[in-house]
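K.L.:
Here's my sequence, what's the structure:
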Amino acid sequence: MSSIKKRYRLLNQSSIDSTIKNRNSWTFTIAALGMIGTICFLLITGKVQIDSATLLSLILAFFSIYLSAAFYFKSTDQSNDFYDRSFNHTRDIANSLADMKASFTKSLEFIEKNNDEIRTKVENLPGLLLDKQEKKEDVEEEYKQSVESVLQKYGIKEEDLQDLINKRLEVEKLNNEIKRLKNIEYFNQDKYKNYNKLLNDYLSDLNESSESVSENILNEFIEKNFDKLTKSNSDTINTLFRNFLSRSFLLENERSKIAKQRALLKNAYIDLDSNLTKKSIDYIRNSLQ
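P.N.:
Numbering: from 1, shown residues only. Below is the predicted model of the structure:
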């Protein structure tokens, strides 16, 4: 909107300047024609006697007057144009600065408003943390009192109660540790690697104690070598089983391989040299029947 008004002012100013220039031009032209006509009339009627030197002097004088007037009007036009452009430029700068000031004022108010909100939140943060901490302590105290009342109601000893509370605290500690270990930023730390190792060992121990893991391995071996096993003795069965383990372990990771070996050893299906025991031979023969 401001650009349209500015363009309209420039067009209006240029039309006014053009009108003034045309008016001055017509005034000068009429005056010059009047003077030339008067001189020509006097010369033709013979009322004025003038020689060639005087005529030449008059022509030069009028030409000098014309040049002086032309220079005057030209310099005046240029001076007016310069001052007009300087005034318009100064006015445009003032308008731009005013617009910038208004926009900057709005932005500053918005920033101050947000800063006030952030400052309020930051100032209230210690109070909120304190309230949460107090609520947490109250809940923990109520929990302990409830547990104590229930345990005392059923005649549980103080030592057992303390052991239960200690185990509860230990479980909470372990839960917090697990949550911390699940954090992505903690994955590359050594403590997570130790935790991962402990977790893998724990899972391996679970696999070792499972009878079904060993039976699944033997059942898979029987299924893939059924035709050969029906006509084989114990040594041949042992050789086939060792080859079967070698091939299957090639397709599995190291953790799974160790878990299966430990499961077979734990349940006495193989010995330390990975040879089949009498228990596993009997299991295979019973499965073939």
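K.L.:
Do a quick rundown of the helices in the stretch 101-250 of the chain.
P.N.:
In order along the chain, the stretch 101-250 of the chain carries the following helices (DSSP state H, counting those that start in this stretch): 158-181, 190-208, 211-224, 226-229, 234-250.
K.L.:
lowest-confidence stretch among those?
P.N.:
Sorting the helices of the stretch 101-250 of the chain by mean pLDDT places helix 190-208 lowest, at a mean of 54.
K.L.:
shaky segments in the chain?
P.N.:
Residues of the chain meeting the criterion pLDDT under 70: 1-25, 43, 46-50, 122, 125, 147-148, 150-165, 180-211, 249-253, 255-256.
K.L.:
Now with 50, please.
P.N.:
Applying pLDDT under 50 to the chain flags residues 1-2, 8, 184, 186, 188, 191-192, 208.
K.L.:
burial of Phe244, as a residue count?
P.N.:
17 (other Cβ atoms under 10 Å). Every C-beta, even on glycine, is put in place using the N, C-alpha and C of the backbone.
K.L.:
what's around the spatially closest residue to it that is not a sequence neighbour, how many residues?
P.N.:
Leaving aside its sequence neighbours, Phe244 sits nearest to Phe221 (Cβ to Cβ, 6 or more residues apart in numbering; 4.9 Å). When counting by other Cβ under 10 Å, one arrives at 22 neighbours for Phe221.
K.L.:
again, but for Asp227
P.N.:
Look at Asp227: counted by other Cβ under 10 Å, it has 8 neighbours.
K.L.:
wait, what's in contact with it?
P.N.:
Counting by Cβ atoms under 8 Å, 6 or more residues apart in numbering, Asp227 makes contact with nothing.
K.L.:
how about Leu276, phi and psi?
P.N.:
Reported as degrees, to the nearest 10, the phi and psi values for Leu276 are phi -70, psi 140.
K.L.:
measure it to Asn114 for me?
P.N.:
Distance, Leu276 to Asn114, using Cβ to Cβ, to the nearest Å: 76 Å.
K.L.:
of the two, who's got more company?
P.N.:
Counted by other Cβ under 10 Å, Leu276 and Asn114 do not tie: Leu276 has more neighbours, with 24 against 10.
K.L.:
is the more buried one in a bridge, and if so with what?
P.N.:
Ile270 (DSSP bridges).
K.L.:
so it makes contact with Leu264?
P.N.:
No: checked against Cβ atoms under 8 Å, the pair Leu276 and Leu264 is beyond contact range at 9.2 Å.
K.L.:
got the CA coordinates for stretch 214-228 in CSV?
P.N.:
Provided in CSV are the C-alpha atoms of stretch 214-228 (Å, rounded to 0.1, in the frame of the first residue of the first chain):
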residue,chain,number,x,y,z
SER,A,214,19.0,-80.4,24.0
GLU,A,215,16.0,-82.4,22.8
ASN,A,216,15.3,-80.0,20.0
ILE,A,217,18.9,-80.4,18.8
LEU,A,218,18.8,-84.1,18.8
ASN,A,219,15.3,-84.2,17.2
GLU,A,220,16.6,-82.0,14.4
PHE,A,221,19.6,-84.3,14.0
ILE,A,222,17.4,-87.4,13.8
GLU,A,223,15.1,-85.7,11.3
LYS,A,224,17.9,-84.8,8.9
ASN,A,225,19.7,-88.2,9.2
PHE,A,226,16.8,-90.6,9.7
ASP,A,227,17.7,-93.0,6.9
LYS,A,228,21.4,-93.2,7.9
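K.L.:
Counting neighbours, what do you get for Val213?
P.N.:
Val213, neighbours per other Cβ under 10 Å, totals 20.
K.L.:
who touches Ile237 in this structure?
P.N.:
Contact analysis of Ile237 by Cβ under 8 Å, 6+ apart lists Leu229, Leu276, Ile281, Ile284.
K.L.:
thinking again about what came up before, could you list which residues are in contact with the residue nearest to Phe244?
P.N.:
Contacts of Phe221 (Cβ under 8 Å, 6+ apart): Leu240, Phe241, Phe244, Ile284.
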